[in-house]
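[1] structure for this input, please:
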Amino acid sequence: MKKLTYILFSVLIISITACGTTEFYPKPVGHNHIDLPEHKYQVTDAKYPYSFEYSSYATLVDDTLGFHDDYWIKIHYPDLNFSINFTYYPIKDNLKTLMNDAYKLANQHDVKAYSIEPESMINKDGNPVTCFKLEGEVASTYQFFTHDSTNHFLRGALYYPDATKNDSLQPVSDYVIQDIKHLLHTLKWK
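    Below you'll find the predicted structure:
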């Protein structure tokens, strides 16, 4: 009996030590590395009732949905798969309605957003700009609108079609938001 106990104990010790030679190390938290180009800008075409500088790495295309006039556009970043959608309206005693709609569109994301931070600023031509930074798993992480109080109203939203977690896209989102702020700062009405 002693011999059997000794053999079973020896087999148990050998099997435990034989399997325990590899140590486990958890993977560190991290994101994909994305090389972002230096910020460079170009000016919009003269055919719009506004002009601004937008990224040289993006393409500007007219929105072709057909529900609106010819001044709705999209700025698409093909390498980053981000786009900024713009809606333009002439002001005709409807400024309050347009502003309320912009707030409503931003607040529609409150179902998934855990934070909506409004920010107000004045661009270099003295026009008010209101921006919304949305945190959480939302389709649009940055929205904005601006106007000249009498003739022009422009609203925009940053979108990306991927279902990736937003925190892994944060460096790209921050890069494009910097471009949006430059765009809003250089915006001029015609």
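[2] residues contacting residue 179?
    Contacts for residue 179 were tallied using C-beta atoms under 8 Å, 6 or more residues apart in numbering; they are 39, 41, 54, 55, 58. Every C-beta, even on glycine, is put in place using the N, C-alpha and C of the backbone.
[3] let's see that with 7 Å instead.
    Applying C-beta atoms under 7 Å, 6 or more residues apart in numbering, we find residue 179 in contact with 39, 54, 55.
[4] please check those and keep the buried ones.
    Taking 16 or more other C-beta atoms under 10 Å as the criterion, what is buried in the contacts of residue 179 is 54, 55.
[5] from the contacts of residue 179, which land in helices?
    Judged by DSSP state H, those include no members of helices.
[6] okay, helices next: where are they in the chain?
    Taking DSSP H, the helices of the chain run over residues 2-19, 95-107, 170-186.
[7] just checking, residue 109 touches residue 135?
    No - counting by C-beta atoms under 7 Å, residue 135 is not a contact partner of residue 109; they are 9.9 Å apart.
[8] so the two - more neighbours on which side?
    Higher neighbour count among residue 109 and residue 135: residue 109, with 20 against 15, using other C-beta atoms under 10 Å.
[9] for that one, give its distance to residue 143.
    For residue 109, the distance to residue 143 equals 8 Å [C-beta to C-beta, to the nearest Å].
[10] name the residues contacting each of those two.
    Here residue 109 and residue 143 have no joint contacts, going by C-beta under 7 Å, 6+ apart.
[11] am I right that residue 187 is in contact with residue 53?
    No - using C-beta under 7 Å, residue 187 makes no contact with residue 53, being 8.8 Å away.
[12] the two: which is more packed in?
    Using other C-beta under 10 Å, the more surrounded residue of residue 187 and residue 53 is residue 187, with 21 against 17.
[13] so what's that one scoring on pLDDT?
    Residue 187 is assigned 95 on the pLDDT scale.
[14] once you drop chain neighbours, what's closest to it?
    Leaving aside its sequence neighbours, residue 187 sits nearest to residue 52 (C-beta to C-beta, 6 or more residues apart in numbering; 4.4 Å).
[15] got the phi/psi numbers for the one you found?
    Here is the backbone geometry of residue 52 (degrees, to the nearest 10): phi -160, psi 170.
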